[in-house]
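A.B. asks: Got a sequence here, can you model it:
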Amino acid sequence: MKLLIFLSEVSIPLILFYIVGFGVLMKCHVYEEFVKGAKDGLKTVVKILPTLIGLMVAVGVLRASGFLDMLGGVLGSLTARMGFPAELVPLTIVRMFSSSAATGLVLDIFREFGTDSHVGLIASIMMSCTETILYTISVYFIAAKVNKTRYTVWGALLASFAGIAASVILAGMM
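C.D. replies: Reported below is the predicted structural model:
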């Protein structure tokens, strides 16, 4: 266990030293390239900022208006029959849009049900088995100037639902 802790503490600094060392060996101006990359990254942030703000505002409005709770109540009666707790329906919806808002919901679930409860276990596993689909697609596709998403949304939704099913199954096995 001590070896794993040591490796986790030194892995990032070792990678950084390796990159800088390799750049120096290749006679590359490492710092100048870093600054150039940072400028490019800042330009990307400026391009995607309106999308990020729109997604965050939309999630905030849905959560503050009570719409998510209402939708959770309606869909929860259906999902409870399939073994998926109704309390996690709002989390499932928000998770598709915003990871930070979903984290807030998970903390609320932990306060209400506890981290070791069945609902808490499913929420924990679900957070690591799913992705912020719409956020990721909008950010990366805008940054890469991709206009035709083709099957990306459907594939991502299928993968997320598989992750949700896996979280229910794994929590049931614990």
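A.B. asks: In the biggest helix by length in the chain, which residues are buried?
C.D. replies: The helix that spans the most residues within the chain, counting by DSSP state H, is helix 30-65. Neighbour counts over helix 30-65 (16 or more other C-beta atoms under 10 Å) mark 51, 55, 59, 62-63 as buried. C-beta here means a position set from N, CA and C on the backbone, and glycine is covered the same way.
A.B. asks: neighbours around Ser77, how many?
C.D. replies: Per other C-beta atoms under 10 Å, the neighbour tally for Ser77 reads 11.
A.B. asks: Name all residues that make contact with the closest residue to it other than its chain neighbours.
C.D. replies: With sequence-adjacent residues excluded and distances taken as C-beta to C-beta, 6 or more residues apart in numbering, Ser77 is closest to Ala86, at 6.7 Å. Counting by C-beta atoms under 8 Å, 6 or more residues apart in numbering, Ala86 makes contact with 72-73, 75-77, 79-80.
A.B. asks: Tell me the spacing between Ala86 and Ile109.
C.D. replies: 12 Å (C-beta to C-beta, to the nearest Å).
A.B. asks: now for the lowest-mean-pLDDT helix or strand in the chain, which elements pack on it?
C.D. replies: Here the helix or strand of the chain ranked lowest by mean pLDDT, DSSP states H and E is helix 133-143, holding a mean of 77. Packed against helix 133-143 by the contact rule (3 or more C-beta pairs under 8 Å, 6 or more residues apart in numbering; DSSP states H and E) you find helix 30-65, helix 152-173.
A.B. asks: Dump the last one to PDB, restricted to CA.
C.D. replies: Included here for helix 152-173 are C-alpha records, laid out as PDB according to Å, rounded to 0.1, in the frame of the first residue of the first chain:
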ATOM      1  CA  THR A 152     -22.200  10.500 -30.900                       C
ATOM      2  CA  VAL A 153     -25.200  11.600 -28.700                       C
ATOM      3  CA  TRP A 154     -26.900   8.200 -29.000                       C
ATOM      4  CA  GLY A 155     -23.700   6.300 -28.300                       C
ATOM      5  CA  ALA A 156     -23.000   8.500 -25.300                       C
ATOM      6  CA  LEU A 157     -26.500   8.000 -24.000                       C
ATOM      7  CA  LEU A 158     -26.200   4.300 -24.400                       C
ATOM      8  CA  ALA A 159     -22.900   4.200 -22.600                       C
ATOM      9  CA  SER A 160     -24.300   6.300 -19.800                       C
ATOM     10  CA  PHE A 161     -27.300   4.100 -19.400                       C
ATOM     11  CA  ALA A 162     -25.000   1.100 -19.300                       C
ATOM     12  CA  GLY A 163     -23.000   2.800 -16.600                       C
ATOM     13  CA  ILE A 164     -26.200   3.500 -14.600                       C
ATOM     14  CA  ALA A 165     -27.200  -0.200 -15.000                       C
ATOM     15  CA  ALA A 166     -23.800  -1.200 -13.900                       C
ATOM     16  CA  SER A 167     -24.000   1.000 -10.800                       C
ATOM     17  CA  VAL A 168     -27.300  -0.500  -9.800                       C
ATOM     18  CA  ILE A 169     -25.900  -4.000 -10.200                       C
ATOM     19  CA  LEU A 170     -22.600  -3.300  -8.500                       C
ATOM     20  CA  ALA A 171     -24.300  -1.600  -5.500                       C
ATOM     21  CA  GLY A 172     -26.600  -4.600  -5.200                       C
ATOM     22  CA  MET A 173     -23.700  -6.900  -5.000                       C
END
